[in-house]
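Chemist: Got a predicted structure here, sequence first:
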Amino acid sequence: QKTETLVYQLASTICQESAAASTEEELQIKRILTTSTVYLVPEIPHTQVNCHDYGSISPFHPVLAPILEKIPEIDLVILIAAGGLKVRFIDKRLSIPKLSEQKMSGNSPQGAMFGGAGTEADQSTMAAIMEANRTGLKPPTMQLAELYVLKHSQMKQNYLDVCSNGLTPKPVIGVFQWSPYNWRAPDAILVQVACCYEQRGTGNILAENRNSLFAVLEKRTVGVSGEVITTQ
């Protein structure tokens, strides 16, 4: 309910402010809409009734597949959910190694980075992000995820998700994969905007995320790391 209301409020904001174009945010929205098309989907089939964290991007595949079939020109998807205060990016260009021999202790700082479970998946994704940071070859969605956190007043203050319980701390920025689906998988960002135990209204959620959302949308239109990204 919170996220559906947030998207409705976001749609209203974009429609109202794009016509005014006098404040900095209004001008930013106008720049976004001048060079790209934004599709907002506030209500989706099979909406999750109970708030929960996401350990995978897989639940969103049946939602996105028919949309992308109808609108194939979509090149970035921003998914908004509750269940945390963190961002997960999905980019097929990020090379995630398959490490089957080594096991990582969940008590180590490295294990805590990706959930503290010490799983093979945690180890592989951690290795991929560390390599991207080391080489500076960050995929576009990783850069957009970092920008989202930078513009979010709460996320940028913490290394670990403040919604995580003490046994399984999770990082604010992490990576998911679309596999094993065989489809035209889009670049995507999963943004979790509220803890499950929060009882407040949705007005604060929009206020907390509007700077991040508009910054990411504008950055995507002008390109990342000097790469010019065109939209159809």
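Modeler: Cool, got the structure.

Chemist: Can you give me the first-to-last residue distance of stretch 43-55?
Modeler: The straight-line separation of the ends of stretch 43-55 (Cα to Cα, to the nearest Å) is 22 Å.

Chemist: Mean confidence (pLDDT) on that stretch, please.
Modeler: Confidence over stretch 43-55 (mean pLDDT, whole number) is 73.

Chemist: Over to stretch 161-179?
Modeler: For stretch 161-179, the mean pLDDT works out to 81.

Chemist: now it, how far from the centre of its chain.
Modeler: Here the centre of stretch 161-179 is set off from its chain's centre by 12 Å, with Cα atoms, centre = their mean, to the nearest Å.

Chemist: Below-threshold pLDDT in this protein: ranges please.
Modeler: When residues are selected by pLDDT under 70, those of the chain lie in 1, 45-49, 95-123, 166-167, 179-182, 198-203, 223-232.

Chemist: if you set the cut-off to 50 instead, what comes out?
Modeler: Counting by pLDDT under 50, the chain contains low-confidence ranges at 99-118, 225-232.

Chemist: Now do the helices in it.
Modeler: In order along the chain, the chain carries the following helices (DSSP state H): 2-20, 24-35, 61-70, 109-113, 120-135, 140-150, 203-222.

Chemist: Among these, show me which one is buried the most.
Modeler: For the helices of the chain, the stretch with the most neighbours on average is helix 140-150, a mean of 21; neighbours defined as mean count of other Cβ atoms under 10 Å. In this view, the C-beta of every residue, glycine as well, is placed from N, C-alpha and C.

Chemist: now for that helix, which elements pack on it?
Modeler: With contacts defined as 3 or more Cβ pairs under 8 Å, 6 or more residues apart in numbering; DSSP states H and E, helix 140-150 has these neighbours: strand 84-90, strand 173-175, strand 187-194, helix 203-222.

Chemist: Now for residue 176, how many residues are close by?
Modeler: The number of residues packed around residue 176, counting by other Cβ atoms under 10 Å, is 21.

Chemist: Apart from its chain neighbours, what residue comes closest to it?
Modeler: Once flanking residues are discounted, residue 176 sits nearest to residue 57: 4.1 Å by Cβ to Cβ, 6 or more residues apart in numbering.

Chemist: So which of the helices and strands packed on helix 140-150 is nearest residue 22?
Modeler: When these are compared by Cβ to Cβ, helix 203-222 sits nearest residue 22, at 15.5 Å.

Chemist: name the helices or strands packed onto that closest one?
Modeler: Contact here means 3+ Cβ pairs under 8 Å, 6+ apart; on that basis helix 203-222 packs against helix 2-20, helix 24-35, strand 76-81, helix 140-150, strand 187-194.

Chemist: May I see the ones you listed organised as CSV, with distance to residue 174 added?
Modeler: Rendered in CSV, the data for the helices and strands packed on helix 203-222 read as follows (distance: least, Cβ to Cβ, whole Å):
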stretch, distance to residue 174
helix 2-20, 19
helix 24-35, 26
strand 76-81, 14
helix 140-150, 9
strand 187-194, 9
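
Chemist: And those: which comes nearest residue 165?
Modeler: strand 187-194 (14.7 Å).

Chemist: Tell me which strands the closest one pairs with, and in which orientation.
Modeler: According to DSSP bridges, strand 187-194 has the following sheet partners: strand 76-81 (parallel), strand 84-90 (antiparallel).
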